[in-house]
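S.K.: Let's see this in three dimensions:
(one chain, ligands or ions: 2)
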Amino acid sequence: MSSGYFVTGTDTGVGKSIVSAALIHAVGGRGHRTAGMKPVASGCMETGSGLANEDADLLMSAANVELDYDLVCPYRFMPAIAPHLAAAGVGVEINTGRIMEAYHRIESVTDRVIVEGVGGWMVPTSATSGMADVAVEMGLPVILVVGARLGCINHALLSRQAIAVRDLPLAGWVYNRVDPGMEAADDVLKSLETLLGVAPIADIPYSTQPEPARIAPLINLEALAA
Ligand SMILES: Nc1ncnc2c1ncn2[C@@H]1O[C@H](COP(=O)(O)OP(=O)(O)OP(=O)(O)O)[C@@H](O)[C@H]1O
Ligand SMILES: [Mg+2]
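M.R.: Ligands and ions are numbered 1, 2, ... in the order given. Modelled structure (predicted):
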């Protein structure tokens, strides 16, 4: 049986994939069999062997356990739109049970699974459920990636509250400096530390080519465990 983390973010494009892949490197580097999962991905490319997704590719290249694409990313859709709409566009209903089947199969061959959500915490996957329900079914502690940009304090506090409503522990948060031009970025970090009551498990600098393997050593895994 494995354990792991569910990685969510303050929004889409805040660095969930980069952070998830860095976490896989960091945890895998400790000797744990570690893999990633991206249960639902919109914004896929047609390849000779089916739809491929950049996030799933990134997670797979960071993992030290090789898995089938359909396990890592059971739901893949071409248009880069809200997943429930992308699914409806091809007559598919995203089913949490099918996601859980893939998750349990990954769990059976790993020690740790890092699951990347879609967009932010409240993103719907169908008319009746969303990614948060997937996190709840998995029962995983949550890591919140805060994309450092104007508005992120509000989004971080909203996310924390929404995660707490689902009774999942927030294992840690990451301050990811995605915007090199952000004003008062250090002051925002200090404010978030005060408001969230804990330091981030990583403060990731802006980089023109962010590489998970280089970001991995910046993650304080001890702070996560505590
Ligand atoms: N620290 C950073 N410095 C510079 N660019 C970054 C940093 N972190 C992420 N990025 C860039 O920001 C973009 C979004 O990152 P990423 O794909 O990891 O976000 P995401 O939250 O996973 O997005 P999605 O919601 O599409 O899954 C990417 O182009 C990535 O290279
Ligand atoms: Mg991503």
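
S.K.: quick one: contacts of the helix or strand S159 falls within?
M.R.: Under the criterion of DSSP states H and E, S159 resides in helix 152-165. With contact meaning C-beta atoms under 8 Å, 6 or more residues apart in numbering, helix 152-165 is reached by 8-11, 120-122, 132, 142, 144, 146, 170, 173, 188, 191-192, 195-196. For glycine as for every other residue, the C-beta is placed from the backbone atoms N, C-alpha and C.

S.K.: Put the buried members of these into a PyMOL selection.
M.R.: To isolate the buried members of the contacts of helix 152-165 in PyMOL, using 16 or more other C-beta atoms under 10 Å:
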select buried, resi 8+9+10+11+120+121+132+142+144+146+170+173+188+192+196
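
S.K.: from the contacts of helix 152-165, which ones fall inside strands?
M.R.: T8, G9, V142, L144, V146, L170, W173 (DSSP state E).

S.K.: hey, what's the last one bridged with?
M.R.: Beta-bridge partners for W173, by DSSP bridges, are L144.

S.K.: That one and ligand 2: what is the separation?
M.R.: Between W173 and ligand 2 the distance, using C-beta to the ion, to the nearest Å, works out to 17 Å.

S.K.: one step back: and the helix holding S159, which residues are buried?
M.R.: Along helix 152-165, these residues count as buried under the neighbour rule (16+ other C-beta under 10 Å): C152, I153, H155, A156, S159, R160, I163.

S.K.: all strands for this protein, in order.
M.R.: Going by DSSP E, the chain shows strands at 3-9, 34-37, 40-42, 45-47, 50-52, 75-77, 112-116, 142-147, 170-176, 202-204.

S.K.: In JSON lines: the ones you listed, plus mean pLDDT.
M.R.: Putting these into JSON lines (pLDDT from 0 to 100) gives the following:
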{"stretch": "strand 3-9", "mean pLDDT": "97"}
{"stretch": "strand 34-37", "mean pLDDT": "98"}
{"stretch": "strand 40-42", "mean pLDDT": "98"}
{"stretch": "strand 45-47", "mean pLDDT": "95"}
{"stretch": "strand 50-52", "mean pLDDT": "95"}
{"stretch": "strand 75-77", "mean pLDDT": "98"}
{"stretch": "strand 112-116", "mean pLDDT": "98"}
{"stretch": "strand 142-147", "mean pLDDT": "98"}
{"stretch": "strand 170-176", "mean pLDDT": "98"}
{"stretch": "strand 202-204", "mean pLDDT": "98"}
